[in-house]
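Trainee: here is my input; please provide its structure:
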Amino acid sequence: MEWIPDWASRAQYVNLVTFKRDGRSVSTAVWFALDNGKLYIYSNLDAGKMKRVRNSSSVEIGPCDVKGKPTGPTVAAHAVELPDSSGSYVHGLLNKKYGWKKRLMNIGTAVPELLRVRKRKPDGYIEVTFPA
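Mentor: The predicted structure follows:
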């Protein structure tokens, strides 16, 4: 098993800090799931954080509250975009961790598409690993 920060098994939210091409950082509070020493995150495929991870795999990650206020230190990490085929795995981990909250969010994102109000954008998936 790989090294993971001690907060990773307890935190409900993390700040994913990604970097723009000019080096400026952007911090985003996200849900995550931990499995086999790696963190898994999902987002809209076209979201800024996904674009920034594609541009640079160097990220920082640390625990935070729901509003993104840090609750512990950040650590340097490595992030990669996963293929679409990872979707059921990542969503399964998140469903297990967040239970009814995640399922409610799934319904909330599906309803506009079912009502043909808005087409749902595809999901993207990120795997985060930590240096030893």
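
Trainee: looking at this protein, which helix or strand does the model trust least?
Mentor: Least confident helix or strand of the chain, by mean pLDDT, DSSP states H and E, is helix 100-114 with a mean of 60.

Trainee: could you point out which element follows that one?
Mentor: strand 123-129 (DSSP states H and E).

Trainee: can you give the distance of that following strand from its chain's centre?
Mentor: 6 Å (Cα atoms, centre = their mean, to the nearest Å).

Trainee: mind jotting down where the helices sit in the protein?
Mentor: For the chain, helices defined by DSSP state H occupy the ranges 48-55, 87-98, 100-114.

Trainee: which helices and strands does the first one pack with?
Mentor: Secondary structure elements in contact with helix 48-55, counted by 3 or more Cβ pairs under 8 Å, 6 or more residues apart in numbering; DSSP states H and E, are strand 13-19, strand 25-30, strand 38-44, strand 75-82, strand 123-129. In short, each C-beta sits where N, CA and C put it, glycine included.

Trainee: tell me which of those strands sits nearest to residue 5.
Mentor: Of all the helices and strands packed on helix 48-55, strand 75-82 sits nearest to residue 5, with 5.4 Å by Cβ to Cβ.

Trainee: the inter-axis angle of that closest one versus strand 38-44?
Mentor: Compare the direction of strand 75-82 with that of strand 38-44 by axes from the mean of the first three to the mean of the last three Cα atoms, to 10 degrees and you get 60 degrees.

Trainee: list the buried residues of strand 75-82.
Mentor: Buried residues in strand 75-82, counted by 16 or more other Cβ atoms under 10 Å: 75, 77, 79, 82.

Trainee: not counting its neighbours along the chain, what's nearest residue 25?
Mentor: Nearest non-adjacent residue to residue 25, counting by Cβ to Cβ, 6 or more residues apart in numbering: residue 17, 5.2 Å away.
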